[in-house]
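S.K.: Below: sequence and its predicted model.
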Amino acid sequence: MNGFRKFITGRFFLVTLSVALLISIVPAVLFAMGQGDYVKSTLQLIATPFQWAFTKVGEGVNGYVVYFRTMKDLREENAELRRELEENKGKIYDAELVREENEFIRSYLGIKAEHSEFSFEDASVIGRESTNYRTVFTLSKGSLHGICKDMPVITSDGLVGCVTEVGPTWCRAVSLIETASSIGAYDERSGALGVVEGNYILRYDGLCRMVYIDSDADMRAGDRILSSGIGSVYPRGLAIGEVVSVEPDENTRTFTAVIRPYADTEDISRVMIITEYKLYSE
């Protein structure tokens, strides 16, 4: 009670009450005296700053509402664009897989048409031995698929190597540029015979060599080398590679040719294993 009494007798309360009475009484007196227009002008003058302030506040609030609504629309639009982008990426990936599959099938059919006497089993490269400069591969087919040791491995470009180890659902293949590799071969243009083998130094550059070429053989750079089917596990007529250079071997009085294989061991992901074929015999 004492607090209320102090409040109503305080200076702030008295000043506020006086201003309120003045605002109420003065307009009434002026209206009674016929000065209503003056009162309206005065009130309009007093209200103008407040009207401007409220207008600006309203514009600001409306601006914020529009801003947040626009941001919401942009977020929804971005989410939709991201969803469409992911869908398109998926479609592009699927289309690329289909293209690769079709390309592999065409290559497979092309080889089947060229070598109708062969039977094939396609396989994927599922592992590489990096310590062997990618010349040893693990493939996705094994004994359960009819794969056996020494079966040739090819791509549409040419001979890759042969199977050296077989498991139930996998096998290992060694590239023809490995030092243990040896293939009876001949020059398609001149008919010159020799043996294509891996070389420890040349394999660093993805190359191999053809040795035991007769010294009078007509072999040139650019010649095409094929498997001869003689003295090896490979059938006749498989494309091996292209002659890079031919040099005399003083120790054997023969020629040695450097060969660049057609099949790029750095880039293969799918191969074909020849499961049935006939070896050439003289």
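M.R.: Yep, that arrived. Model, not experiment: these values are computed from the prediction.
S.K.: quick one: average pLDDT of the helix or strand encompassing residue 137?
M.R.: In this structure, residue 137 is located in strand 136-139 according to DSSP states H and E. Mean pLDDT, computed over strand 136-139, is 91.
S.K.: try stretch 161-172
M.R.: 94.
S.K.: Buried ones in that stretch, by neighbour count?
M.R.: Neighbour-count burial for stretch 161-172 flags 161, 162, 163, 164, 166, 170, 171, 172 (criterion: 16 or more other Cβ atoms under 10 Å). Every C-beta, even on glycine, is put in place using the N, C-alpha and C of the backbone.
S.K.: which ones among those are found in strands?
M.R.: Of the positions in those, 161, 162, 163, 164, 166, 171, 172 sit in strands, assigned by DSSP state E.
S.K.: what's the distance between the fifth one and residue 175?
M.R.: With the distance defined as Cβ to Cβ, to the nearest Å, residue 166 ends up 17 Å from residue 175.
S.K.: so is residue 80 in a helix, a strand, or just coil?
M.R.: Classification of residue 80 using DSSP: H, G, I helix; E, B strand; the rest coil returns helix.
S.K.: One more: the one 4 residues further on?
M.R.: Following three-state DSSP, we place residue 84 in the helix state.
S.K.: need the strands for the protein, in chain order.
M.R.: Using DSSP E, strands in the chain cover 119-128, 136-139, 152-154, 159-166, 171-175, 182-187, 193-197, 208-213, 224-227, 239-249, 254-261, 270-276.
S.K.: Run through the stretch 1-150 of the chain and note the low-pLDDT ranges.
M.R.: 1-69, 88-116, 130-134 (pLDDT under 70).
S.K.: What score does the spatially closest residue to residue 223 that is not a sequence neighbour have for pLDDT?
M.R.: Nearest non-adjacent residue to residue 223, counting by Cβ to Cβ, 6 or more residues apart in numbering: residue 243, 4.3 Å away. For residue 243, the pLDDT comes out at 97.
S.K.: Begin at 49, not 1, for the rest of this chat.
M.R.: Sounds good: first residue 49 from here, last item residue 291.
S.K.: Tell me the bridge partners for residue 291.
M.R.: residue 307 (DSSP bridges).
S.K.: now residue 251: how far from residue 222?
M.R.: 11 Å.
S.K.: go on, residue 268?
M.R.: 29 Å.
S.K.: cool, residue 208 as well?
M.R.: 9 Å.
S.K.: Could you do residue 289 as well?
M.R.: Distance of residue 289 to residue 222, computed by Cβ to Cβ: 16 Å.
S.K.: Just put the strands of the chain in JSON lines and tack on distance to residue 127.
M.R.: Converted to JSON lines, the strands of the chain look like this (distance: least, Cβ to Cβ, whole Å):
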{"stretch": "strand 167-176", "distance to residue 127": "37"}
{"stretch": "strand 184-187", "distance to residue 127": "43"}
{"stretch": "strand 200-202", "distance to residue 127": "48"}
{"stretch": "strand 207-214", "distance to residue 127": "47"}
{"stretch": "strand 219-223", "distance to residue 127": "48"}
{"stretch": "strand 230-235", "distance to residue 127": "59"}
{"stretch": "strand 241-245", "distance to residue 127": "59"}
{"stretch": "strand 256-261", "distance to residue 127": "55"}
{"stretch": "strand 272-275", "distance to residue 127": "57"}
{"stretch": "strand 287-297", "distance to residue 127": "53"}
{"stretch": "strand 302-309", "distance to residue 127": "50"}
{"stretch": "strand 318-324", "distance to residue 127": "38"}
